[in-house]
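[1] following is a predicted model, sequence given first.
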Amino acid sequence: KKALGEGHPDYAYSLNDMAQIHLAKGEYAQAASLFRRALDIRKSTIGTSHNNYSGGLNDLALAYELMGDLATAESFYQEALEIKQKAGAEGSREYAQNLYNLAGLHLRNGSHREAEGECRQALEISFRLLNLTTDVQSERQQLAALQATRSFLDRYIDIGIRSSGSASDVCKWVLAWKGLALTRQRAIRAVADRPDLAPLLAELERTVTRLAAISYAAASAAQATARSNEIARLSSKKEEWENQLAAASQQYRASKKGVGPQDVFAAIPEGAALVDYLQCWSLEKHEAASQRWKEGLVAFVVRGNGSVQLVDLGPIQPIREAIATWRRDQGASNASREASR
């Protein structure tokens with residue numbers, strides 16, 4: 001403040017950071033006040049069409065949501081989305097996060113249909129970004145990127161349980177999430193030891209690096225057309241290099257295909273079922289001003305005829321406690337035998 005003045009963008013960032021601390025402490029009114037001050041500075045310095053301004057709106061919306069003012073929060077979320085749309089940033093991580101937050105608001109007020117659509121769109125964007133970069137990432141980077149999208153997947157599962165939505169659709173996204181790092185590593189290894197394919201792989205890496213930089217970068221409405229054209233051009237080049245690698249390597253071609261629900265259905269013997277367990281987080285309370293989360297366990301019961309059931313098995317803590325009890329003597333005591341049951 002002393003060095004730069006209260007009208008400087010860096011001062012706005014500091015206000016925003018302080019607001020995030022108040023938000024984490026549950027001091028929502030104080031957070032909202034600071035978010036508003038930061039937003040006013042951004043409005044006067046970078047304007048209302050910039051992606052950073054829309055990010056501030058998203059933060060302010062969350063504060064109002066946690067205060068229980070869902071109508072005001074929804075209006076700010078929608079305004080933030082509109083700014084990103086005008087800037088051509090519908091495919092950005094920030095846009096997906098905005099949709100995720102709006103889906104959470106609609107989940108709280110019981111608008112499950114809207115929440116499902118918004119969360120599905122957020123998943124589509126996040127997976128598109130994952131597929132954009134994973135071909136040139138290490139396994140560690142791929143797993144970290146997958147973990148960053150996990151909250152989106154958990155919310156979609158939560159919505160599916162509460163709205164009795166399509167279990168098959170939810171299962172499709174879980175399969176894609178589980179298998180992404182493995183299939184991409186197989187694809188990379190299929191061509192990494194081929195000296196004749198090294199130039200193609202290098203071209204793919206350069207194209208993906210440039211494409212990711214543009215896709216993840218913030219932009220304003222004035223840059224929307226140029227940004228969109230460059231993304232389209234680089235996406236076309238990426239597809240070209242991938243097609244050439246696929247034509248030269250059967251392993252690469254097979255690995256890129258991945259595994260979908262139909263492949264799983266076909267692998268299940270007649271009269272059998274696959275029971276696939278997944279730990280996930282969900283909102284324990286859905287009142288407007290509550291952010292209490294719980295870790296639970298769900299199961300997908302999948303049959304070869306394409307039937308998929310999503311079963312909520314409840315909180316995972318009792319299961320963890322039962323496992324710990326059983327491990328003490330592995331069934332030798334009454335407590336251990338009860339825990340195993």
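    Great, that's in hand. Residues are numbered from 1 along each chain as shown.
[2] in the stretch 1-150 of the chain, where is pLDDT below threshold?
    For the stretch 1-150 of the chain, residues meeting the criterion pLDDT under 70 lie at 135.
[3] which other helices and strands does the one helix or strand Leu245 maps to contact?
    For Leu245, the host element (DSSP states H and E) is helix 224-248. Helices and strands touching helix 224-248, by 3 or more C-beta pairs under 8 Å, 6 or more residues apart in numbering; DSSP states H and E, are helix 198-216, helix 250-257. For the C-beta atoms, the positions are set from N, CA and C on the backbone; glycine is no exception.
[4] also compute the angle for the longest one relative to helix 250-257, please.
    Read it as helix 198-216. Going by axes from the mean of the first three to the mean of the last three C-alpha atoms, to 10 degrees, helix 198-216 is angled at 20 degrees with respect to helix 250-257.
[5] if we can go back for a sec, and the contacts of the helix holding Leu245?
    The set of residues external to helix 224-248 that reach it, using C-beta atoms under 8 Å, 6 or more residues apart in numbering, is 86-89, 91, 132, 135, 191, 194, 196-197, 200-201, 203-204, 207-208, 210-211, 214-215, 219, 252-253, 256.
[6] do that again at 7 Å, thanks
    With contact meaning C-beta atoms under 7 Å, 6 or more residues apart in numbering, helix 224-248 is reached by 86-88, 191, 197, 200-201, 203-204, 207-208, 210-211, 214-215, 219, 252-253, 256.
[7] now those residues: which count as buried?
    87-88, 191, 197, 200-201, 203-204, 207-208, 210-211, 215, 219, 252-253, 256 (16 or more other C-beta atoms under 10 Å).
[8] packing partners for whichever strand or helix holds Arg120?
    Assigned by DSSP H and E, Arg120 belongs to helix 112-133. For helix 112-133, the packing partners by 3 or more C-beta pairs under 7 Å, 6 or more residues apart in numbering; DSSP states H and E come out as helix 93-108, helix 139-148, helix 150-163, helix 167-192, helix 198-216.
[9] so for Pro269, which of the ones you listed sits nearest?
    helix 167-192 (18.5 Å; C-beta to C-beta).
[10] for the record, mean pLDDT for the closest one?
    Taken as a whole, helix 167-192 has an average pLDDT of 84.
[11] beta partners of Ala273?
    For Ala273, the beta-bridge partners under DSSP bridges are Arg303.
[12] what sits against it?
    Ala273 touches Val301, Val302, Arg303, counting by C-beta under 7 Å, 6+ apart.
[13] what does Thr72 give?
    Tyr64.
[14] what secondary structure does Val298 sit in?
    Assigned by DSSP: H, G, I helix; E, B strand; the rest coil, the conformation of Val298 is strand.
[15] partners of it in the sheet?
    Leu278, Asp312.
[16] just to check, it is in contact with Asp158?
    No: counting by C-beta atoms under 7 Å, Val298 does not reach Asp158; the two are 9.2 Å apart.
[17] circling back to that earlier point, now the helices and strands packed on helix 112-133 in JSON lines, with distance to Ala71?
    Shown next, in JSON lines, are those (distance: least, C-beta to C-beta, whole Å):
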{"stretch": "helix 93-108", "distance to Ala71": "10"}
{"stretch": "helix 139-148", "distance to Ala71": "31"}
{"stretch": "helix 150-163", "distance to Ala71": "21"}
{"stretch": "helix 167-192", "distance to Ala71": "29"}
{"stretch": "helix 198-216", "distance to Ala71": "32"}
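[18] and Glu270, which of the ones you listed is closest to it?
    helix 167-192 (19.2 Å).
[19] leaving out sequence neighbours, find the closest residue to the residue nearest in space to the middle of the chain.
    Nearest to the mean C-alpha position of the chain, by C-alpha atoms, centre = their mean, lies Thr149 at 3.0 Å. Closest residue to Thr149 apart from its sequence neighbours, by C-beta to C-beta, 6 or more residues apart in numbering: Ser126 at 4.4 Å.
[20] next, count neighbours for the one you found.
    24 (other C-beta atoms under 10 Å).
[21] and it, what does it touch?
    For Ser126, the contact set (C-beta under 7 Å, 6+ apart) comprises Ala96, Thr149, Phe152.
[22] let me know the closest of these to Asp263.
    Checking the contacts of Ser126 one by one against Asp263 (C-beta to C-beta), the nearest turns out to be Thr149, at 21.9 Å.
[23] could you pull up phi and psi at the closest one?
    The phi/psi pair for Thr149 (degrees, to the nearest 10) reads phi -90, psi 0.
[24] look up how far Asn334 lies from it.
    44 Å (C-beta to C-beta, to the nearest Å).
[25] please apply the same query to Ala73.
    52 Å.
[26] alright, I will stop here.
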